[in-house]
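Chemist: Coordinates for the following, if possible.
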Amino acid sequence: MQVELVRARTSDGLRLDGSLALPTHLSTDTSTVDAVVLLHGVGGSFFGGAMFDPLAARLVELGIAVLRVNTRGYGAVNMIATDGGATRGGAAFEIVDQCRHDVTAWCDFLVQRGMSRIGLIGHSLGAIKALYASAFATHENVVRVIAASPPRLSHSAFHHDPRSHDFFDSLAVAKQHIQEGHPEQLITARFPFPLLITAASYVDKYGDERYNILKFVSQVASPALYIYGSIELEHGGVAFAGLPEAIQRAVRQADAPSHPKLEVTTIAGADHFYTGKSGELTDVVANWLTRD
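Modeler: Next up, the predicted model:
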């Protein structure tokens, strides 16, 4: 499998890197996609992590191009090139809403390379970004969305987590820095896991319901597949508990008869990173992408 290092420019001037794997012949099946964009989770990157490696290889074999990309939230703390010089980026500094620019830029890149039927595939926060971009910055060439393990980022739900005291403490520290005029102050948050993050980014990600997928799954413009592991659903706390049923209920309650096809599946024995279950994940995604 030959891989080309590529770059895209966002509408707000960031230059993001990725890799493009092209099949020998692009799929001619008009019922499926001819390219996918793989979106990493929090602090990930296009060149790190092996969870999607088997999937990328399978899709290329099926005639589907695979574009693995950085968003502006790649790595923990990074300097990202822009038209006006470098700016700070990474998971510590990102504002999730700005993923709309990143996803659009990468989809535009594929269209410029002659691929017009695009699928978005994201894991964890990358899955939230795939859904969020599809709901609020719909790209006309995106025809499928796959969200692997998108958590519930919900201020109200975190109130009921067994570790809610860690959440309240971290949020209070972040809000205090913002009130004092230091939104880019780095803090060490304890919830949902230990992480280095700016006050502004912490409040953006965890301070309200803006990225609670249940608030916008009914607005996702393309057929969507949601995938979870049984272990994360059972042991992942309020961020994951009951999500398969809640997603389907949210769409039904939206009373949208023309809503695109939605499917939710659970992989038995899989944790959040599909440890030892990458083959099952690959089969689920490849089969769903290539069927009518």
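
Chemist: ok, Pro23 touching Val60?
Modeler: Yes - using Cβ atoms under 8 Å, Pro23 makes contact with Val60 at a distance of 4.8 Å. Glycine gets a C-beta too; all of them are placed from N, C-alpha and C.

Chemist: how about the strands in the stretch 51-200 of the chain?
Modeler: Applying DSSP state E, counting those that start in this stretch to the stretch 51-200 of the chain gives strands spanning 65-69, 78-80, 87-89, 118-123, 142-148, 186-189, 195-198.

Chemist: For the residue nearest the centre of the chain, give its distance to Leu186.
Modeler: Central residue of the chain (Cα atoms, centre = their mean): Gly126, 1.5 Å from the mean position. Using Cβ to Cβ, to the nearest Å, Gly126 is found at 23 Å from Leu186.

Chemist: Relative to its centre, which residue of the chain is most distant?
Modeler: Each residue of the chain has a distance to the centre, and by Cα atoms, centre = their mean the biggest one is for Glu180: 31.7 Å.

Chemist: what's the spacing between Tyr226 and Phe168?
Modeler: Counting by Cβ to Cβ - Tyr226 and Phe168 are separated by 29 Å.

Chemist: more neighbours, the two?
Modeler: Tyr226 (24 against 13; other Cβ atoms under 10 Å).

Chemist: looking at it, that one is touching Thr266, isn't it?
Modeler: No - using Cβ under 8 Å, Tyr226 is not in contact with Thr266; the gap is 9.4 Å.

Chemist: Which residues does stretch 126-135 contact?
Modeler: Outside stretch 126-135, the residues that touch it by Cβ atoms under 8 Å, 6 or more residues apart in numbering are 38-41, 44, 71, 96-97, 99-100, 102-104, 120-122, 139, 142, 145-151, 153, 211, 213, 216-217, 219-222, 224.

Chemist: Now restrict these to buried residues only.
Modeler: With neighbours counted by 16 or more other Cβ atoms under 10 Å, the contacts of stretch 126-135 contain buried members at 38-41, 44, 71, 96, 99-100, 102-104, 120-122, 139, 142, 145-151, 153, 211, 213, 216-217, 219-222, 224.

Chemist: Any figure for the gap between Gly276 and Ile267?
Modeler: Using Cβ to Cβ, Gly276 is found at 11 Å from Ile267.

Chemist: hang on, Val36 is in a strand, isn't it?
Modeler: Yes - assigned with DSSP: H, G, I helix; E, B strand; the rest coil, Val36 falls within a strand.

Chemist: my guess is it meets Leu67, correct?
Modeler: Yes - look at Val36 against Leu67 with Cβ under 8 Å: they come within range, at 6.8 Å.

Chemist: quick one on the thing from earlier: Gly276 and Ile267 - which one has more neighbours?
Modeler: Taking neighbours as other Cβ under 10 Å, Gly276 and Ile267 compare with Ile267 leading, 20 against 10.

Chemist: Arg144 versus the more buried one, what's the distance?
Modeler: 19 Å.

Chemist: in the stretch 151-292 of the chain, which segments are predicted with low confidence?
Modeler: 255-259, 292 (pLDDT under 70).
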